[in-house]
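Chemist: compute the structure for the input listed below.
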Amino acid sequence: MGKRNDTPHSTSVSTGDPSASTRESGITISETNIEELTAWRQAISGEAAARAARRADADAHARLRELADRTHELLSDADAYRTADAAFHLAIAELSGSRRLLEAEQGIQDELTRIISTHPGGTEARSTPGELHDPLTRAIVAGDAGRAREEFRIHAQATADMCLIFTSEGGRPEGH
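Modeler: A predicted model of the protein is given here:
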């Protein structure tokens, strides 16, 4: 297995124009792209969560709880929160025991980081998806693969809803 990158890169936003930072990150934020990423997340990360629920032991449960708690502690710091959020999701993929799911999750987290780096929202924009780490963590700790998959689906949709606000199709005025 190749070297794992636990800390996704962050894109520095140098202007107040989100479309400029989107161009710099190489990601086009559109309803179609967000929906495709969400479907990909639900397939990959949902399966990773289900496998983690079947495989994780007490030590893994403790680690996952710590990572989920860390995301809550960092809500007020966008960059630190994003790093903690990615670490939480990468830990779930790692717990799945599948190298392929972990590698796919790394790509998902990289793309999500590039999209979210253009996001002007504050703590409130991160709080809803972040709050959904708790039910996901509880499902994995309970060993309930079906519930873990469903809790991840809900979490991914909350993240998509947050991101869709920043597309012209999702309500952001053109040119802003």
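
Chemist: list the buried residues for the longest helix seen in the chain?
Modeler: The helix spanning the most residues in the chain, taking DSSP state H as the definition, is helix 31-55. Residues 34, 37-38, 41-42, 44-53 are the ones in helix 31-55 that count as buried (16 or more other CB atoms under 10 Å). Where you see a C-beta, it was placed from the backbone N, CA and C, and this is true even at glycine.

Chemist: elements contacting the first helix or strand past it going along the chain?
Modeler: Per DSSP states H and E, helix 31-55 leads on to helix 58-73 as the next helix or strand towards the C-terminus. For helix 58-73, the packing partners by 3 or more CB pairs under 8 Å, 6 or more residues apart in numbering; DSSP states H and E come out as helix 78-95, helix 123-131, helix 133-141.

Chemist: next, the angle from helix 58-73 to helix 31-55.
Modeler: Calculated by axes from the mean of the first three to the mean of the last three CA atoms, to 10 degrees, helix 58-73 forms an angle of 140 degrees with helix 31-55.

Chemist: re the thing from before, between all of the buried residues of helix 31-55, which two are separated the most?
Modeler: The span of those, defined through CB to CB, is set by Ile34 and Ala53 at 26.5 Å.
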